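Undergrad: missing the sequence, but the structure's below:
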């Protein structure tokens, strides 16, 4: 019987860790919203001005035309 080795897939093929929002984690347009039960939701602030963007996108987001990284001196969007 052949031996099977455990080789990690390339980084691009690995699934996102649980709780990761993908690109939203590094986007200035993300606002993390928490409910009273402790759940976290990723609100896309672009959805307020452009209906092409879902208010709460399916996660993890792996591709987004509107993704913008924050300027190093400005930080991220607000979190609630």
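TA: Thanks, I have the structure now. The structure displayed is predicted, hence computed values, not measured ones.

Undergrad: My reading is that residue 25 lies in a strand. Confirm?
TA: No. Secondary structure of residue 25 (DSSP: H, G, I helix; E, B strand; the rest coil): helix, not part of a strand.

Undergrad: Quick check: it vs residue 49, distance?
TA: 21 Å (CB to CB, to the nearest Å). Using the backbone N, CA and C atoms, a C-beta is placed for each residue, glycine as well.

Undergrad: Looking at the two now, which is surrounded by more residues?
TA: residue 25 (16 against 8; other CB atoms under 10 Å).

Undergrad: From one end of stretch 65-72 to the other, what's the distance?
TA: Taking CA to CA, to the nearest Å, stretch 65-72 runs 21 Å from one end to the other.

Undergrad: which of the residues in that stretch are buried?
TA: residue 67 (16 or more other CB atoms under 10 Å).

Undergrad: What strand or helix carries residue 70?
TA: Per DSSP states H and E: residue 70 is located in neither a helix nor a strand.

Undergrad: Let me see the backbone angles for the residue lying closest to it once chain neighbours are set aside.
TA: Counting by CB to CB, 6 or more residues apart in numbering, the nearest residue to residue 70 once its immediate chain neighbours are dropped is residue 28, at 4.7 Å. Per-residue torsions, residue 28: phi -70, psi -20 (degrees, to the nearest 10).

Undergrad: quick one: low-confidence parts of the protein?
TA: 1-19, 74-80 (pLDDT under 70).

Undergrad: now what about stretch 43-54, what contacts it?
TA: 24, 29-33, 55-57, 66, 77 (CB atoms under 8 Å, 6 or more residues apart in numbering).

Undergrad: If you rank the residues you listed by neighbours, which is first?
TA: Neighbour-wise, the contacts of stretch 43-54 (other CB under 10 Å) top out at residue 30, 24 neighbours.
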